[in-house]
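Visitor: here are the coordinates; sequence isn't available:
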């Protein structure tokens with residue numbers, strides 16, 4: 001009679017300490033936070049929001065203005081559409097020039113909007129550290 005049993009081998013390796021830390025870091029990014037955020041985390045988040053929003057807006061305006069400016073130059077140099085090309089390039093230059101004042105205006109508004117909460121959180125953190 002024939003023996004139909006097959007040999008089965010299984011190997012298991014435990015992750016090293018560094019692999020385990022990396023796995024836990026990745027897992028933490030995808031899981032919902034269980035612990036409440038600290039005041040310092042909230043303060044950093046608000047500060048980043050105040051700075052990031054106007055920067056993204058200004059960068060977007062600057063890039064769009066540059067593209068329109070480039071289209072105007074293309075109209076003049078390649079397609080020989082002088083009047084239209086100069087007008088389009090001027091519009092692009094105006095959009096690029098407006099990017100920085102818009103950045104400053106939006107930054108000022110967001111600072112005004114979030115100032116009370118940021119100052120309250122920073123006062124809490126500073127008073128805790130002094131005790």
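Guide: Arrived safely. Note that the structure is predicted; figures quoted are calculated from it, not measured.

Visitor: longest helix anywhere in this structure?
Guide: helix 82-130 (DSSP state H).

Visitor: Give me the residue at the spatial middle of the chain.
Guide: residue 52 (6.6 Å; C-alpha atoms, centre = their mean).

Visitor: buried set for stretch 58-69?
Guide: 58, 61-62, 65, 68-69 (16 or more other C-beta atoms under 10 Å). For glycine as for every other residue, the C-beta is placed from the backbone atoms N, C-alpha and C.

Visitor: and what of stretch 71-87?
Guide: Residues 72, 75-76, 85 are the ones in stretch 71-87 that count as buried (16+ other C-beta under 10 Å).

Visitor: Show me what it is in contact with.
Guide: Applying C-beta atoms under 8 Å, 6 or more residues apart in numbering, the contact partners of stretch 71-87 are 88-92.

Visitor: Next: stretch 100-111.
Guide: Residues contacting stretch 100-111 (C-beta under 8 Å, 6+ apart): 49-51, 53-55, 57-58, 61.

Visitor: May I see the PyMOL selection of the buried members of those residues?
Guide: In PyMOL, this line selects whichever of the contacts of stretch 100-111 come out buried by 16+ other C-beta under 10 Å:
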select buried, resi 50+54+57+58+61
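
Visitor: So which of the contacts of stretch 100-111 are in helices?
Guide: 49-51, 53-55, 57-58, 61.

Visitor: will you turn those residues into TSV that also has pLDDT?
Guide: Below are the ones in helices among the contacts of stretch 100-111 laid out as TSV (pLDDT from 0 to 100):
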residue	pLDDT
49	95
50	96
51	97
53	97
54	98
55	97
57	97
58	98
61	97
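
Visitor: and those as a markdown table, adding distance to residue 29?
Guide: Compiled in a markdown table, the ones in helices among the contacts of stretch 100-111 are given as follows (distance: C-beta to C-beta, whole Å):
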| residue | distance to residue 29 |
| --- | --- |
| 49 | 19 |
| 50 | 24 |
| 51 | 23 |
| 53 | 23 |
| 54 | 27 |
| 55 | 24 |
| 57 | 27 |
| 58 | 29 |
| 61 | 32 |
